[in-house]
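Colleague: one predicted model, sequence on top.
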Amino acid sequence: MNKLSLEQFNERKIVTQDMLNSNGTLFGGYVLSWMDLIGHRMAIHITQRTMFTAYADKIKFKKPAFLNDEIEIRGTVKELGGVKLVLQMEVVANPDKECQKVVEGIFTFVELDNNMRPTRIHYPSHSN
C-alpha cells in the first residue's frame, strides 16, 4: 500500500459561545465527537470498507480551548492491523500561531461481519 496522505481529513473549527461549558472553555464532549468523526472518515478512506468505532482510549485533556480559538482535529495511522485500524487523534488550538495541544487519544476502528463481530480488514491495494 502506498503512503496515504491523510491531511485532507484535518478539520478546523472556531470555538463559539454555544460550544463552551460552565467554566468558559470548550466542552470536552464536542471535542471527542469531532475526533471520532474525523477518525471515522480517515478509517473509511484507508480501508474502503464500512468501519465502526470499537473504542477510544488514552484520552488526555491537556489544555483548555477558549472562545474564538481556532482548533484543528488531526489524525495519524498508528496501526494497520488485521482486524483493527488504530489512529492517533489530536486536537490543537491555534495551529497557525502558538499551536497548543488540547486533547489527544487513540481511536480503534473495526469492520463488522453480519453477526456484528469484528472481521478481517482487507485493505485495498493502491497502484503507484
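Modeller: In hand now; what should we look at?
Colleague: helices or strands up against the longest strand anywhere in the chain?
Modeller: In the chain, assigned by DSSP state E, the strand with the most residues is strand 100-112. The contact analysis (3 or more C-beta pairs under 8 Å, 6 or more residues apart in numbering; DSSP states H and E) places strand 100-112 against helix 28-47, strand 52-61, strand 70-80, strand 85-93, strand 118-119. The way it works is simple: take the backbone N, C-alpha and C, and place the C-beta from them, glycine included.
Colleague: name every strand pairing with the shortest one and say which way it goes.
Modeller: Based on DSSP bridges, the pairing partners of strand 118-119 within the sheet are strand 100-112 (antiparallel).
Colleague: next, the buried residues of stretch 33-46.
Modeller: Trp34, Met35, Asp36, Ile38, Gly39, His40, Arg41, Met42, Ala43, Ile46 (16 or more other C-beta atoms under 10 Å).
Colleague: got the confidence number for the second one?
Modeller: Think Met35. At Met35 the predicted local confidence, pLDDT, stands at 97.
Colleague: then the last one?
Modeller: Predicted confidence (pLDDT) at Ile46: the value is 92.
Colleague: again with the fourth one
Modeller: The model reports Ile38 with a pLDDT of 96.
Colleague: hey, what's the residue lying closest to it once chain neighbours are set aside bridged with?
Modeller: In this structure, Ile38 finds its nearest non-sequential neighbour in Ile73, 4.7 Å apart by C-beta to C-beta, 6 or more residues apart in numbering. Beta-bridge partners for Ile73, by DSSP bridges, are Glu11, Val91.
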